[in-house]
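[1] Sequence below, structure please.
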Amino acid sequence: MQRLLSRARWDADLVRDDLRALVVDRLGDPDGVLVVDETGDLKKGVHTVGVRRQYTGTAGRIENAQVGVFLAYAGRHGHTLIDRRVYLPESWTSDRERCEQAGVPDSVGFATRSQLADDMITAAVKARVPARWVAADEAYGNNTALRVRLREHGLGYVLAVSRDHLVPLDGGKTRRRADQVTAELPATTWTRRSAGDGSKGPRFYDWAWLADVTTDNDPDDGGHHSLLIRRNTTTGELAFYRCWAPGPVTLAQLVRVAGIRWTVEESFQAAKGQVGLDQHQVRRWQSWHRFTTLALAALAILAICAAATPQPPDQSDMIRLTVNEIRRLINVLINTPIRSIAHRLRWSQWRRRHQARARRAHYARRLTLELQP
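    Below you'll find the predicted structure:
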């Protein structure tokens, strides 16, 4: 494995391109969504490429960590990660000796996380990945340059922004904080919709949509700008989204894209829990990209298998095969000696029936709560 990651001759970026093409071939959707997010790995040393004390959502605080920015693809057939970039802080790029020791190419300079996201999205557009939308959290939605680039690509977006984000109104003549605009909305503005199904049923939120928002610098870009606001039905917590589309859109479309953003979290969870994305023991630039590419390839295979597995008519009392269950079956049926294939499959069916019963109970409870006055 160490030879494969360090000394063997192969190009991780070319393998990444093949992986992306495979995902498009099996999971491609004309209405697909590109989702950007980052994840961190906690580290103790100072020699691993990109490591420094920085904020990471993995720990929820500033820690000694390495951060990677990832691009996910989500469509009606399934979702998985298709690209990756390791984030190099300025303390790294300004120290060329340190970069040389970690194998960072001389051509690599400092790039913000939003710029890394732009690079991956641009590469996906050039590779003709079928996508109509981009979704991301506020770390990327607050970046004006990234929003401009997405409009140049003709990609619609639903990007989370902070509550103090200044929203241009009245043709750009005034700018007001997103939370201030929301506080003045009448009760009739809100409508309850599901942002998609979760593990415990439909994710219902209250939504408000302001369609009279203008762009940051070019009011005649030919698209449709708006502000989408989400309110938690229990806590009242608010979330804000800057939206743009090259043509007319509906509230239902924007809510769908906002809900799809969570698929990247599911992909991170599966990548770390099933294919060891966070378990690499490498320090150098090339080794990180090689290991991460192989992990993404393994995750894509699981996602494709899950999407390609039909639900037999006689198994309506159980959930479909998931990424986690397929990984478990691969382990017990292929990777380890087996005594009885039938025994292993019966255990798989029992787990899926149990999960189906739990899902029905969660859905019934959630729908009952939603119907209560």
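[2] For Asp170, give me the pLDDT.
    Confidence at Asp170, expressed as pLDDT, is 76.
[3] One more: Leu371?
    For Leu371, the pLDDT comes out at 61.
[4] before we move on, what about Pro219?
    Pro219 is assigned 54 on the pLDDT scale.
[5] What's the local residue count around Thr182?
    A total of 19 residues lie near Thr182 under the criterion other C-beta atoms under 10 Å. Every C-beta, even on glycine, is put in place using the N, C-alpha and C of the backbone.
[6] what about it, distance to Ala258?
    15 Å (C-beta to C-beta, to the nearest Å).
[7] repeat for Gly32
    Distance of Gly32 to Ala258, given as C-beta to C-beta: 15 Å.
[8] Also Glu184?
    For Glu184, the distance to Ala258 equals 22 Å [C-beta to C-beta].
[9] do Leu5 as well
    Distance, Leu5 to Ala258, by C-beta to C-beta: 38 Å.
[10] who has more neighbours, these two?
    Per other C-beta under 10 Å, whichever of Leu5 and Ala258 has more neighbours is Ala258, with 24 against 19.
[11] thinking that one is in contact with Val158, fair?
    Yes: the pair Ala258 / Val158 is scored as a contact, 4.9 Å apart, by C-beta atoms under 8 Å.
[12] For those two, list the residues in contact with both.
    Common neighbours of Ala258 and Val158 (criterion: C-beta atoms under 8 Å, 6 or more residues apart in numbering): Ala135, Leu228, Tyr241.
[13] any idea which of these is closest to Gln269?
    Comparing the shared contacts of Ala258 and Val158 against Gln269 with C-beta to C-beta places Ala135 closest, at 17.3 Å.
[14] check contacts around the closest residue to the closest one other than its chain neighbours.
    Using C-beta to C-beta, 6 or more residues apart in numbering and skipping residues adjacent in sequence, the residue nearest Ala135 is Arg261, 4.0 Å away. If a contact means C-beta under 8 Å, 6+ apart, then Arg261 has Val33, Val35, Asp37, Ala135, Ala136, Asp137, Val158, Ala160 as its contacts.
[15] And those, which is closest to Val51?
    When the contacts of Arg261 are compared against Val51 (criterion: C-beta to C-beta), the nearest one is Asp37, at 19.5 Å.
[16] bridging residues for that closest one?
    With DSSP bridges applied, Asp37 shows beta-bridge pairing to Phe70.
[17] For it, the count of nearby residues, please.
    25.
[18] likewise His47?
    11.
[19] next one: Val86
    Val86 has 20 neighbours, counted by other C-beta under 10 Å.
[20] dump the residue contacts of the nearest residue to it once chain neighbours are set aside.
    Sequence neighbours aside, Gly50 is the residue nearest to Val86 in space, at 4.9 Å (criterion: C-beta to C-beta, 6+ apart). Counting by C-beta under 8 Å, 6+ apart, Gly50 touches Gln66, Val67, Val86, Tyr87, Leu88, Pro89, Trp92, Trp288.
[21] which one of the residues you listed is nearest Gln269?
    Set against Gln269, the nearest of these by C-beta to C-beta is Val67 (17.2 Å).
[22] Please report the distance of that closest one from Arg85.
    10 Å.
[23] Could you do Val167 as well?
    As judged by C-beta to C-beta, Val167 and Arg85 stand 30 Å apart.
[24] now swap in Trp133 and tell me
    Distance, Trp133 to Arg85, by C-beta to C-beta: 21 Å.
[25] The two: which has the busier surroundings?
    Using other C-beta under 10 Å as the criterion, Trp133 and Arg85 rank with Trp133 on top: 26 against 21.
[26] if we can go back for a sec, any idea how far Trp285 is from the residue nearest to Val86?
    According to C-beta to C-beta, Gly50 stands 9 Å off from Trp285.
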